[in-house]
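Q: Provide a 3D model corresponding to the input given below.
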Amino acid sequence: MATEKDLDTTPFLHDTQNDDLEITTSKPERRRLWSAVLIHAAIAITYTIVITALVLRFVKPQVVKDTDERTQRVNGGQYTPAHEAVSFKAWQLDPANFSGNPFVGDPRPEHDEAWNGLMQNIHLRITPDEYEKVKPQIDRETAQLANGQGYIVGLGVYHELHCLKWIRHWIHRDIYWPELEGEALEERKWHIEHCLELFRLNTMCDASLAISTYDWLSVDPPQLTPHQHGMYQRKCVDWDRLDAWSTGRRVDILEPGILQPPEHLEPHIFDR
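A: As a prediction, the model looks like this:
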């Protein structure tokens with residue numbers, strides 16, 4: 001029979017029972033710990049998904065705009081093989097700079113040489129793959145190289161330069177086109193109207209936001225007139241780089257064997 005002293009010194013539970021109790025009481029604590037971990041993990045994942053979605057929604061368009069500025073600013077965002085040749089630089093533009101400028105003034109050899117130099121890359125070669133990408137954006141076909149390995153196209157910038165050249169020729173038609181009359185004269189007049197309409201459409205499409213200032217003319221009475229002849233800076237396409245890219249794709253359509261025109265016809269450069 002156990003004495004009172006023995007009862008005082010005897011543990012209420014045996015060691016094995018204590019262990020069982022510790023194990024039993026620790027399981028709910030572990031479950032609560034894992035539940036807390038899972039809840040926090042779920043919250044973290046939810047925040048990550050939400051933040052990622054917001055980043056993709058609001059930041060990605062800006063990244064695309066910055067990295068593909070060439071596509072957005074050139075050709076209205078449509079595909080063109082020339083995108084790879086486009087970069088931008090700051091240009092100091094001075095439309096009143098006539099001194100030593102070969103592109104302005106009366107007809108002369110230097111003037112003709114300068115304008116003809118701008119026209120050298122009016123006919124360019126693109127690959128069949130490039131043409132397949134271009135076709136959905138246009139409503140017409142284009143001539144194919146005789147070897148079947150490419151097509152003949154032109155960039156709009158060279159078309160516009162051609163139009164500017166012809167407008168200058170029209171101004172000085174007594175020198176450049178003295179024999180024009182009748183139907184030929186009417187056709188040339190229509191062509192000039194086409195060029196002017198092209199510039200109207202492109203000017204309104206591009207919509208320059210450059211600021212024009214005004215000044216008073218010293219006449220009686222004073223007249224307010226726009227002052228648009230000063231030098232100004234613009235972010236422009238690097239022309240030298242683009243023109244060099246075009247030179248690498250230049251096609252001389254008069255070279256024998258380059259094109260395969262319809263039977264009994266010879267290729268002819270209308271006017272560059």
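Q: so where do the strands sit in the stretch 101-250 of the chain?
A: Along the stretch 101-250 of the chain, the stretches classed as strands by DSSP state E, counting those that start in this stretch are 124-126, 151-153, 213-217, 223-227, 232-237.
Q: helices or strands up against the fourth one?
A: Secondary structure elements in contact with strand 223-227, counted by 3 or more C-beta pairs under 8 Å, 6 or more residues apart in numbering; DSSP states H and E, are strand 213-217. Glycine gets a C-beta too; all of them are placed from N, C-alpha and C.
Q: quick one: the strand it packs on to chain centroid distance?
A: 36 Å (C-alpha atoms, centre = their mean, to the nearest Å).
Q: what bridges to residue 235?
A: residue 90 (DSSP bridges).
Q: which ones are touching it?
A: Neighbour list for residue 235: 88, 89, 90, 91 [criterion: C-beta atoms under 8 Å, 6 or more residues apart in numbering].
Q: how close does it sit to residue 85?
A: 17 Å (C-beta to C-beta, to the nearest Å).
Q: quick one: low-confidence residue ranges for the stretch 1-150 of the chain.
A: Applying pLDDT under 70 to the stretch 1-150 of the chain flags residues 1-32, 37, 50-76.
Q: how about residue 257, phi and psi?
A: Torsion angles at residue 257 (phi, psi; degrees, to the nearest 10) stand at phi 90, psi 0.
Q: from residue 246, how far off is it?
A: Counting by C-beta to C-beta, the separation of residue 257 from residue 246 is 22 Å.
Q: these two: which has the busier surroundings?
A: The residue with more neighbours, out of residue 257 and residue 246, is residue 246; 20 against 8, by other C-beta atoms under 10 Å.
Q: now do the contacts for the residue lying closest to the more buried one once chain neighbours are set aside.
A: Distance criterion C-beta to C-beta, 6 or more residues apart in numbering; nearest residue to residue 246, sequence neighbours excluded, is residue 121 at 3.7 Å. The contact partners of residue 121, taken as C-beta under 8 Å, 6+ apart, are 155, 158, 243, 246, 247, 249, 250.
Q: tell me the buried residues within these.
A: 155, 158, 243, 246, 249 (16 or more other C-beta atoms under 10 Å).
Q: and those residues as TSV, adding distance to residue 194 and pLDDT?
A: Conversion of these to TSV gives the following (distance: C-beta to C-beta, whole Å; pLDDT from 0 to 100):
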residue	distance to residue 194	pLDDT
155	18	96
158	16	97
243	24	98
246	23	98
249	26	97
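Q: for these, which one is nearest residue 140?
A: residue 155 (15.8 Å; C-beta to C-beta).
Q: for the residue lying closest to that closest one once chain neighbours are set aside, what are phi and psi?
A: Nearest residue to residue 155, sequence neighbours excluded (C-beta to C-beta, 6+ apart): residue 82, at 5.9 Å. Reported as degrees, to the nearest 10, the phi and psi values for residue 82 are phi -80, psi -10.
Q: tally of neighbours for residue 82?
A: Residue 82 has 22 neighbouring residues, counting by other C-beta under 10 Å.
Q: that one touches residue 243, doesn't it?
A: No. Residue 82 lies out of contact with residue 243 (C-beta atoms under 8 Å); the separation is 10.6 Å.
Q: list the contacts of residue 178.
A: Applying C-beta under 8 Å, 6+ apart, no residues qualify as near residue 178.
Q: distance check, it against residue 220.
A: Distance, residue 178 to residue 220, by C-beta to C-beta: 43 Å.
Q: could you do residue 98 as well?
A: According to C-beta to C-beta, residue 98 stands 29 Å off from residue 220.
Q: settle it for me: which of those two has more neighbours?
A: residue 98 (10 against 6).
Q: the more buried one reaches residue 104, doesn't it?
A: Yes. Between residue 98 and residue 104 there is a contact at 5.2 Å, judged by C-beta under 8 Å.
Q: report how many residues lie close to residue 162.
A: 19.
Q: ugh, wrong one, residue 233
A: Close neighbours of residue 233, defined as other C-beta under 10 Å, add up to 10.
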